[in-house]
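Chemist: All I have is the shape, not the residue letters:
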């Protein structure tokens, strides 16, 4: 959107983004991981890339209503077609680790879970077929 159509607010935070990096949502744990990675990095090029990523990171903390699935939630679900629970954490693109259960809010599973409450059944639309999941628990980490 052109800046000509946006009203500047005096109380609006200023986003400092270097080298054209796009803003991206990050959990508190993801922010800590990025900061730790930056401190440990020796290469100047890698440090610049990590700093750009940190500058573009938008920290998203837990919602006021922790009974609903939102960004940063760890959600325990049980598929209706099998026994056994799985835990998925909804994170930003830069934190995604599907094998580790970290999925993005834009993924089909993330979209299915967002807004759910404990006891809700959600439908995960997968290429191999839909599966219904029952939300068993919702947890937010405060770090």
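Modeler: Ah, there it is. Just so it is clear, the structure is predicted and the values come from calculations on it, not from any experiment. Residues are numbered from 1 along each chain as shown.
Chemist: and residue 111, that one's in a strand?
Modeler: No - per DSSP: H, G, I helix; E, B strand; the rest coil, residue 111 lies outside any strand segment and is helix.
Chemist: Which parts of this structure are helices?
Modeler: Remark: helices of the chain, listed N- to C-terminal, are 28-40, 44-56, 108-113; assignment by DSSP state H.
Chemist: Tell me which of these is the most buried.
Modeler: Looking across these with neighbours counted as mean count of other CB atoms under 10 Å, the highest average goes to helix 108-113: a mean of 20. To be clear about C-beta, it is placed using only N, CA and C from the backbone, and glycine gets the same treatment.
Chemist: Could you name the helices and strands sitting against it?
Modeler: Judged by 3 or more CB pairs under 8 Å, 6 or more residues apart in numbering; DSSP states H and E, the packing partners of helix 108-113 are strand 73-79, strand 86-91, strand 102-104, strand 121-124, strand 131-140.
Chemist: of these, which approaches residue 30 most closely?
Modeler: Using CB to CB as the criterion, the shortest distance between residue 30 and the helices and strands packed on helix 108-113 is 6.2 Å, found for strand 86-91.
Chemist: Check which strands are paired with that closest one and give the direction for each one.
Modeler: Using DSSP bridges, the neighbouring strands of strand 86-91 in the sheet come out as strand 73-79 (antiparallel), strand 102-104 (parallel).
Chemist: got the contact list for the closest residue to residue 132 other than its chain neighbours?
Modeler: Excluding its sequence neighbours, the residue lying closest to residue 132 (CB to CB, 6 or more residues apart in numbering) is residue 80, at 4.2 Å. Neighbour list for residue 80: 121, 131-134 [criterion: CB atoms under 8 Å, 6 or more residues apart in numbering].
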